[in-house]
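K.L.:
Next comes the sequence, and after it the predicted model I'd like to discuss.
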Amino acid sequence: MTDDWQRWREAAEQALYGPDGFYVRPGGPGPSGHFRTSVHASALYAGAVARLLADVDESLGRPAELALVDVGAGRGELLSAVLAALPVEAAARVRAYGVERAPRPPGLDHRVEWAAEPPSGVTGLLFANEWLDNVPVDVAETDAAGVARYVLVRRDGEERLGDPVTGLDADWLARWWPLPPDAGPGLRAEIGRPRDAAWAAAVATLDAGLAVAVDYAHERAARPPFGTLTGFRAGREVRPVPDGSCDITSHVALDACALPGAELRSQREALHRLGVTAARPPLALASTDPAAYVRALSGAGEAAELTARGGLGDFTWLSQPVPLA
């Protein structure tokens, strides 16, 4: 009912994951039908994840079974591409898990296990590409007196201010996204506490290895003053309306999610470390092997998109090592 007012966290949970929700609706196109992620932009991304998995494998001493856990797996595109990119011997030791609240997609590689929650007690790489931004959070906004209040929303997207933010949510805002009390009305923040908890729980499923979260993010020193809550539908940014018709997302305070020992770096830097660069092939190759030159030139263009400033290269990678106990 459009007359029911809810906090944004509850409203987004129902809109995204409730019955007939945006992400779980049977027969829907999945995320790729509405927005383009790095996974869909180029096979180079899956190749980089495959190299990262190989690095983790080496650091663990090449165990008999190596887990690859894709959290927020969509329709399994990344897992399928990584498995295809691995050498046969390595792929034979990999146990792949797709973690998604939507049903298993038809035609998915039979080697991929599908579940709603990450498996516990595994060793390997847990990778979460654009997952945390879809973990629903509450939104706070300052009123005329500068008091942070929960934003309430109806199913038609209309908003109003509710009760003041208190308790653990207020503590989180004070530490991670302080709203100046003298700044007047209209400042907004997304209260990232549920994302901190979701990430900590995901990391805890690894006995050893590496957990990586990739998302649009911001850090405490440069939080956006009016928040980032928005919607996406069919490739376009739209007004966030919690009726199941669009994606509802907001950037992630990954610095708040980070556990001791974590590293934060841009996607541009992370992919460069994994060998993805936009360097053009030598022109001489065009004369000696024209087909190889064209392939290399195409790859350079794809790498440029994945690492571009102002675009996909501005994503943040949160890397969380989990040492052997």
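P.N.:
Nice, thanks for sending it over.
K.L.:
Identify each of the strands in the stretch 201-325 of the chain and give its residue range.
P.N.:
206-215, 230-233, 236-238, 247-249, 263-266, 316-322 (DSSP state E, counting those that start in this stretch).
K.L.:
And the ones you listed: which comes nearest residue 162?
P.N.:
strand 247-249 (18.1 Å; CB to CB). From N, CA and C alone the C-beta is placed, and that goes for glycine too.
K.L.:
Please compute how far that closest one lies from its chain's middle.
P.N.:
Chain-centre distance of strand 247-249: 12 Å, with CA atoms, centre = their mean, to the nearest Å.
K.L.:
Surely residue 250 is in contact with residue 231?
P.N.:
No: using CB atoms under 8 Å, residue 250 makes no contact with residue 231, being 10.1 Å away.
K.L.:
Which one's more surrounded, those two?
P.N.:
residue 250 (27 against 20; other CB atoms under 10 Å).
K.L.:
give me every residue that touches the more buried one.
P.N.:
Contact analysis of residue 250 by CB atoms under 8 Å, 6 or more residues apart in numbering lists 133, 137, 190, 227, 228, 229, 230.
K.L.:
Would you confirm that the third one belongs to a strand?
P.N.:
Just to be clear, that refers to residue 190. Yes: counting by DSSP: H, G, I helix; E, B strand; the rest coil, residue 190 is found in a strand.
K.L.:
Might one say that it is in contact with residue 230?
P.N.:
No: counting by CB under 8 Å, residue 190 sits too far from residue 230 to count as a contact (10.9 Å).
K.L.:
Of the two, give the one with the bigger neighbour count.
P.N.:
residue 190 (28 against 15).
K.L.:
got a list of what that one touches?
P.N.:
Counted by CB under 8 Å, 6+ apart, residue 190 has contacts 137, 138, 139, 140, 177, 227, 228, 229, 250, 251, 253.
K.L.:
Any idea how many residues pack against the residue nearest to the last one when sequence neighbours are not counted?
P.N.:
Distances taken as CB to CB, 6 or more residues apart in numbering put residue 192 closest to residue 253, at 4.3 Å, once the chain neighbours are dropped. Using other CB under 10 Å, the number of residues around residue 192 comes to 27.
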